[in-house]
Structure formats: C-alpha cells, structure tokens
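Visitor: Generate coordinates for the sequence data below:
(2 chains)
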Amino acid sequence: MGKVKVHRKSPSIDMTPMVDLAFLLVTFFMLTAAFRPPEPVAVDTPKSESEIPLPESNRMIITVAKDGKVFFDMDNQPNRKRMLQDMAEKYGVNFTNDQLNHFGVMGGFGVPIRQLPQFLDLSPDEQAQVQQPGIPSDSVNNELADWVVYARLTNPSKMRIAVKGDRDSNYKIVKQVIATLIDRRILRFNLITGLEQGEQIEKK
Amino acid sequence: MAEISESGGGKGKKGGKVRAKKQSTKVDMTPMVDLAFLLLTFFILTSTFNKSKTMEVTMPDKVTKEEEQTKINENDILNLVLGENDKIYYWVGLTPPVETTNYSKDGVRKLLLERIKANPKLMILIKPKDESRYNNMVDILDEMDITQMKRYAIVEFTADDKTILAGGTGQETTQQ
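Guide: Numbering: from 1, shown residues only, chains lettered A, B, ... in the order given. As a prediction, the model looks like this:
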C-alpha cells in the first residue's frame, strides 16, 4: 500500500499581474507628476466652494503673504524676459544676459527692482534662504503696478490675473493690491482658493 | 536584499551521476514589488493634483462723474461691514440699528436668504475694514456665490460708515 502523499502547494504566489499593475501605476504617476514649482513663501489659501480651476498658462499670480509682503510671478519664459527688459528700461537698471536667463526660469519673487540684479546672481539655494522684502505696492512707490502693466503687455488679450492671499493676511494690503489693479483698469481677476467640501444650496 | 532563490541546494550529494541541475524558472519578485510600491507611494504623495481653485471677482469701475453713478433707494441697500475678529456688522440703508452676525451657516447665510426673500431688489455692499482678514473677504464672496446673490459689490469702508457703526446717522450720500 502506497502512502497517500499530501500534495505540497508552493507558498509563493504568482506576482506577475500585481507587478504589472504596480509598474503601470508608477509609470503613470511619474509621467503625470507636475512637481510644484518653488514658491518664495508659504501661503495658506482660504477655502471656498468655487470650482473654477486656475488657468495653466498666460497667468500672473500676485501673492500676498501673511506678513503683508507682496510677491509676483508669471509663467512663460520668453514673456518673463521681455517683461524684465521693459522694467529694466523704465527703472534704468541693467541686467546681464545671465541674469535675464536666470529670471526666465525662476518662480515668484518679492524683491524691489533695484535689488533684483544682486538677487539674480545668487544660486537657487541661496535665493531660497534670503528673506525677500516684498515688492513695493504702496502709493508712494508702486512697482507692482508696473510689473502688472508690463506683464500684461506681453500678452494683452489673454493674460489672466490671479491674487493669492494668505487667509490671515491683513485686508489693508489686499485692498492696496486690488486698488492697484483697479487703477490699471483691471476689473476682473481671480482669487486663488482651496477647495472646500461643503453643502451647496440647491441651484434653482 | 536582491537575491534569486533557487530550488534545491544541490550540496552534499554523494556519488551518483552528475545531473544537470534543474534551475527553477521562477524568480523571486518580492524585492521588485517592494520597490515598485515604494515608487508608487512616492509619486502618489508628491503629485500635486492641482487643487488650486479660483474665484472670479469683478470689481466696480471707478466712477468719477456724478451722472454716471447709479442711484439706489437706500432701503434696498444692505451694508455688511467685515470687522475685526471675524465679526460682521450689518444695517440697512443709512441708519442704525447696527447688528452683528458671524460667518456661520446660521449667521450671515441665513440673514442673506431672509433679506433677499423679503426684498428681491436688495443690493449688498461689502465693506471690509482694514482690521479684517483676507479670509473674511473670501468667505463673504463665497457666501454670495452660495446664496446666489446677483447684486453685490465690494466698496470702501468710509468715514460715514464709521459714524453709523458708532451709533450715529450717516449723511445723505450716493452709493455707487
């Protein structure tokens, strides 16, 4: 009589489909990941129930930080360079080619135009460590207004303006920024907010 | 960490024929899977998902000429003053009583819905004080959107408003 052999099942499982799926997802996330561009200052945006997405291109962002400093950012490298050249001409500040290129690729900034050349000479790491003083936007010296004007000139018909304020920033500064925009006859702009999940009253 | 397991050690076989070792065709995929999931987690967590949303605002243009100003019956105006410490002061037209409310669902939202029901011609003037936070402004604009107010504007908090807030009566002024 032969022994009844218990057929031993192998404890390993075929992982091929799982691996397939995992790599598919890895590839997908790698390709779609848009890394957050470096921001000059951390801003905690207020929440709203609005669902209009921020335009991806042709936009300038005016950031108002918690401490009231104002920062400016625009997308599109060639346009940025043109904007800086216009600004340089107006304020009589000279920029080297290196500085121009550097300005083209960097993110938002909050430095008065006269300090901009030195700031652009720093490496990105050093720039991140510098305490930026913010762009002057009061009635005495309103550089922000000129940035807005020249940014708009690079693409007059499509340029969208977004204001990104910190929820705790003082309204006084925001008022100044908005007044600056209204003075330049920019009456429509966007306020950047985070999405809030909440109850919406039935739309009639 | 990366090791390919082979079935059968093949050591210590005494004598006998020298057999060609049969190697398993299976590869231990555990380390690869580990790595794959690690990467997967990393990319899921770092991808920004573009959560930024925006709110469109249209501001009234500066009106300089008297005849261009729109005149509104003062009883149709609801003034909302965004004050310090997340408070809202409100009154109708140019006279007190000034009452206070807050940004909650039962606060300003209820108020707006009640008032618009009572008077569909209601015009809301939002007057943020300098002491208020930016968050207050966004909150109130959001409420306008939620309650579907059509007629509202953000205007300056003037000296007249200050008197009314303090208990006095405002002068006869035209509001834009």
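Visitor: Now for chain A: which helix has the highest residue count?
Guide: The longest helix of chain A (DSSP state H) is helix A:16-32.
Visitor: Is there contact, residue-wise, from that helix to chain B?
Guide: Yes: judged by CB under 8 Å from any CB of the partner chain, helix A:16-32 comes into contact with chain B at A:16, A:18, A:19, A:22, A:23, A:25, A:26, A:29, A:30, A:32. (Glycine included, C-beta is placed from N, CA and C.)
Visitor: Is there contact, residue-wise, from the least confident helix or strand in chain B by mean pLDDT to chain A?
Guide: One helix or strand of chain B scores below all others by mean pLDDT, DSSP states H and E: helix B:159-166, with a mean of 77. No: under the criterion of CB under 8 Å from any CB, helix B:159-166 makes no contact with chain A; the nearest approach is 14.4 Å.
Visitor: still on that earlier bit, return the closest of the residues of helix A:16-32 next to chain B with respect to residue A:185.
Guide: residue A:32 (38.6 Å; CB to CB).
Visitor: Next SSE downstream of the helix or strand hosting residue B:110?
Guide: Element membership for residue B:110, per DSSP states H and E: helix B:110-118. For helix B:110-118, the following helix or strand on the C-terminal side (DSSP H and E) is strand B:123-128.
Visitor: Just the pLDDT at residue A:116, thanks.
Guide: pLDDT recorded at residue A:116 is 79.
Visitor: Strands of the chain, residue ranges please.
Guide: Reading this off chain A. Applying DSSP state E to chain A gives strands spanning A:47-48, A:52-53, A:59-64, A:70-74, A:160-165, A:188-195.
Visitor: nope, chain B please
Guide: Using DSSP E, strands in chain B cover B:53-58, B:77-82, B:88-92, B:99-101, B:123-128, B:152-154.
Visitor: And the longest helix along chain B, what does it pack against?
Guide: As assigned by DSSP H, the longest helix anywhere in chain B is helix B:30-46. Under the contact criterion of 3 or more CB pairs under 8 Å, 6 or more residues apart in numbering or on different chains; DSSP states H and E, helix B:30-46 touches helix A:16-32.
Visitor: Just the CA atoms of the helix it packs on, as PDB, please.
Guide: Output of helix A:16-32 as PDB, limited to C-alpha atoms (Å, rounded to 0.1, in the frame of the first residue of the first chain):
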ATOM      1  CA  THR A  16       3.400  38.900 -12.200                       C
ATOM      2  CA  PRO A  17       0.000  40.600 -12.600                       C
ATOM      3  CA  MET A  18       0.500  42.600  -9.500                       C
ATOM      4  CA  VAL A  19       3.900  43.800 -10.600                       C
ATOM      5  CA  ASP A  20       2.400  44.700 -14.000                       C
ATOM      6  CA  LEU A  21      -0.200  46.800 -12.400                       C
ATOM      7  CA  ALA A  22       2.200  48.400 -10.000                       C
ATOM      8  CA  PHE A  23       4.600  49.400 -12.700                       C
ATOM      9  CA  LEU A  24       1.800  50.700 -14.800                       C
ATOM     10  CA  LEU A  25       0.800  53.000 -12.000                       C
ATOM     11  CA  VAL A  26       4.300  54.000 -11.300                       C
ATOM     12  CA  THR A  27       4.800  55.000 -14.900                       C
ATOM     13  CA  PHE A  28       1.500  56.900 -14.900                       C
ATOM     14  CA  PHE A  29       2.300  58.900 -11.800                       C
ATOM     15  CA  MET A  30       5.800  59.600 -13.000                       C
ATOM     16  CA  LEU A  31       4.600  61.000 -16.300                       C
ATOM     17  CA  THR A  32       1.800  63.000 -14.900                       C
END
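Visitor: just to revisit the earlier point, for the helix holding residue B:110, enumerate the helices and strands it packs against.
Guide: Partner elements for helix B:110-118 (3+ CB pairs under 8 Å, 6+ apart): none found.
Visitor: What residues of it count as buried?
Guide: Neighbour counts over helix B:110-118 (16 or more other CB atoms under 10 Å in any protein chain shown) mark B:111, B:112, B:113, B:115, B:116 as buried.
Visitor: got the contact list for the second one?
Guide: For residue B:112, the contact set (CB atoms under 8 Å, 6 or more residues apart in numbering or on different chains) comprises B:124, B:143, B:144, B:147, B:149.
Visitor: same deal with the last one?
Guide: Listed by CB under 8 Å, 6+ apart, the contact partners of residue B:116 are B:122, B:147, B:149.
Visitor: The last one: neighbour count?
Guide: One way to gauge burial is a neighbour count; for residue B:149, by other CB atoms under 10 Å in any protein chain shown, it gives 18.
Visitor: Skipping adjacent residues, who's closest to it in space?
Guide: Counting by CB to CB, 6 or more residues apart in numbering or on different chains, residue B:124 is the residue found nearest to residue B:149 once chain neighbours are left out, at 5.9 Å.
Visitor: ok so, going back, could I get the contacts of residue B:116 in a markdown table, plus columns for pLDDT and distance to residue A:160?
Guide: Converted to a markdown table, the contacts of residue B:116 look like this (pLDDT from 0 to 100; distance: CB to CB, whole Å):
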| residue | pLDDT | distance to residue A:160 |
| --- | --- | --- |
| B:122 | 81 | 31 |
| B:147 | 82 | 26 |
| B:149 | 79 | 24 |
